[in-house]
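K.L.:
Provided below for reference: sequence and predicted model.
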Amino acid sequence: MTNHALQSLLDLLDLERIEQDIFRGASRPAVVPRVFGGQVAAQALVAAGRTVPEGRDAHSLHAYFLRMGDPGAPIVYKVDRIRDGRSFTTRRVVAVQHGQPIFHLSASFQTYEDGLEHQEPMPPAPDPETLPTGEDLLLPHRDRFPDPSVVDRLLEARAAVDLRYADTPPFLAAGDGPREPRSQVWFRTNGKLADDPLLHVCLATYVSDMTLLDSVLLAHGRGGWAVGDVVGASLDHAMWFHRPFRADEWLLYDQQSPSASGGRGLGTARIYTQDGRLAVSVIQEGVVRVPRG
């Protein structure tokens with residue numbers, strides 16, 4: 001059974017077709033006063049996928065966040081049909097608000113074929129069922145946040161997804177000193193989904209922007225925007241979809257940061273199914289700045 005928050009998210013991803021290859025998506029307030037990057041990326045992938053021949057699944061996306069999105073206005077997605085080959089289909093999507101591009105996505109889709117197989121093994125991780133829920137983690141710690149209402153905004157923003165940290169997240173570890181730049185979370189949607197492969201890929205894309213830069217913060221003992229010791233935003237985002245998966249079943253998001261410099265931090269990650277199959281690889285760079293004065 002789909003809960004209200006998940007249904008609201010599914011409605012958000014169900015774009016309106018307003019012309020051939022032009023779609024319109026609603027928006028909604030995020031935890032910060034701009035459109036959540038994962039929402040724009042997921043909606044753009046929906047737009048691209050709806051122009052692709054049947055039987056071709058998304059295998060990669062590459063995206064740039066160009067401008068801060070306005071959560072009070074709809075977003076128009078314009079799809080450019082770059083190529084339809086015998087095996088691969090390529091699409092380019094530009095998201096527009098107030099006459100200006102705010103986001104750019106290139107995505108590739110492929111017909112299924114057999115090939116060589118290998119993968120990096122799944123790292124050790126605790127059983128997700130033994131980890132605290134978002135409510136268990138956040139509600140007892142309102143006093144750790146300069147603005148306690150952040151807790152309510154975080155819980156509301158993540159209500160469609162059961163997201164569980166394997167270790168203390170940066171916003172509860174601020175001031176504890178640097179840690180290994182690595183973070184693990186388990187996630188799944190709070191309700192069952194239809195069998196449409198594009199839907200599961202788009203929901204994983206949505207969630208992938210929630211925690212990927214956590215490992216950058218951990219390396220410096222910073223808590224992030226929620227506690228006010230860092231300001232930041234996503235710059236670019238890339239994903240490769242290796243094997244089929246379901247976003248309504250537990251997925252391990254294993255994240256680490258190899259570098260931070262020049263006011264930017266890099267996060268790399270792999271997403272595994274609970275039975276150990278490598279489903280997705282992710283890379284993201286974001287602005288990570290220490291506030292002045």
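P.N.:
Arrived safely, thanks for sending.

K.L.:
which stretches in the stretch 1-150 of the chain count as helices?
P.N.:
4-13, 37-49, 134-138, 149-157 (DSSP state H, counting those that start in this stretch).

K.L.:
what angle sits between the first one and helix 37-49?
P.N.:
Spelled out, it's helix 4-13. Calculated by axes from the mean of the first three to the mean of the last three Cα atoms, to 10 degrees, helix 4-13 forms an angle of 50 degrees with helix 37-49.

K.L.:
what's helix 4-13 packed up against?
P.N.:
helix 37-49, helix 197-211 (3 or more Cβ pairs under 8 Å, 6 or more residues apart in numbering; DSSP states H and E). In short, each C-beta sits where N, CA and C put it, glycine included.

K.L.:
if we can go back for a sec, which one of the helices of the stretch 1-150 of the chain lies closest to Gly99?
P.N.:
The minimum distance between Gly99 and these falls on helix 37-49, with 16.5 Å, by Cβ to Cβ.

K.L.:
so which of the helices and strands packed on helix 4-13 is the most packed in?
P.N.:
helix 37-49 (a mean of 26; mean count of other Cβ atoms under 10 Å).

K.L.:
which strands and helices sit next to that helix?
P.N.:
Judged by 3+ Cβ pairs under 8 Å, 6+ apart, helix 37-49 is in contact with helix 4-13, strand 22-25, strand 56-65, strand 75-84, strand 88-97, strand 100-111, helix 197-211, strand 231-241.

K.L.:
for Ala260, which of those is the nearest?
P.N.:
In terms of Cβ to Cβ, the element of these nearest to Ala260 is strand 231-241, at 10.7 Å.

K.L.:
helix or strand right after that closest one?
P.N.:
Using DSSP states H and E, the helix or strand that directly follows strand 231-241 along the chain is strand 251-261.

K.L.:
show me what that next one pairs with in its sheet, parallel or antiparallel.
P.N.:
If you go by DSSP bridges, strand 251-261 pairs up with strand 182-189 (antiparallel), strand 264-273 (antiparallel).

K.L.:
send the alpha carbons of the shortest one over as CSV?
P.N.:
What follows is strand 182-189 as a C-alpha-only set of coordinates in CSV (Å, rounded to 0.1, in the frame of the first residue of the first chain):
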residue,chain,number,x,y,z
ARG,A,182,32.8,7.4,4.1
SER,A,183,29.1,7.1,4.8
GLN,A,184,26.6,4.3,4.3
VAL,A,185,22.8,4.5,4.2
TRP,A,186,20.1,2.0,3.4
PHE,A,187,17.0,3.2,1.6
ARG,A,188,13.8,2.0,0.1
THR,A,189,10.5,3.7,-0.7
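
K.L.:
which stretch among the helices and strands packed on helix 37-49 comes nearest Pro123?
P.N.:
Short answer: helix 197-211, nearest of those by Cβ to Cβ, at 16.0 Å.

K.L.:
helices or strands up against the helix or strand just after the closest one?
P.N.:
Sequence order places helix 214-218 as the next helix or strand after helix 197-211, per DSSP H and E. Secondary-structure packing of helix 214-218 (3+ Cβ pairs under 8 Å, 6+ apart): helix 170-173, strand 182-189, strand 251-261, strand 264-273, strand 278-289.

K.L.:
ok so, going back, rebuild the strands paired with strand 251-261 as TSV, extending it with mean neighbour count, distance to Asp152 and mean pLDDT.
P.N.:
Below are the strands paired with strand 251-261 laid out as TSV (neighbours: other Cβ atoms under 10 Å; distance: least, Cβ to Cβ, whole Å; pLDDT from 0 to 100):
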stretch	mean neighbour count	distance to Asp152	mean pLDDT
strand 182-189	23	20	97
strand 264-273	22	26	98
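
K.L.:
so which of these is nearest Ala247?
P.N.:
strand 182-189 (5.4 Å).

K.L.:
redo the helices and strands packed on helix 4-13 as CSV? Include distance to Ala73 and mean pLDDT.
P.N.:
Output for the helices and strands packed on helix 4-13, formatted as CSV (distance: least, Cβ to Cβ, whole Å; pLDDT from 0 to 100):
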stretch, distance to Ala73, mean pLDDT
helix 37-49, 12, 97
helix 197-211, 19, 97
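
K.L.:
mind putting these in JSON lines, distance to Asp84 included?
P.N.:
As requested, these are arranged in JSON lines below (distance: least, Cβ to Cβ, whole Å):
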{"stretch": "helix 37-49", "distance to Asp84": "12"}
{"stretch": "helix 197-211", "distance to Asp84": "17"}
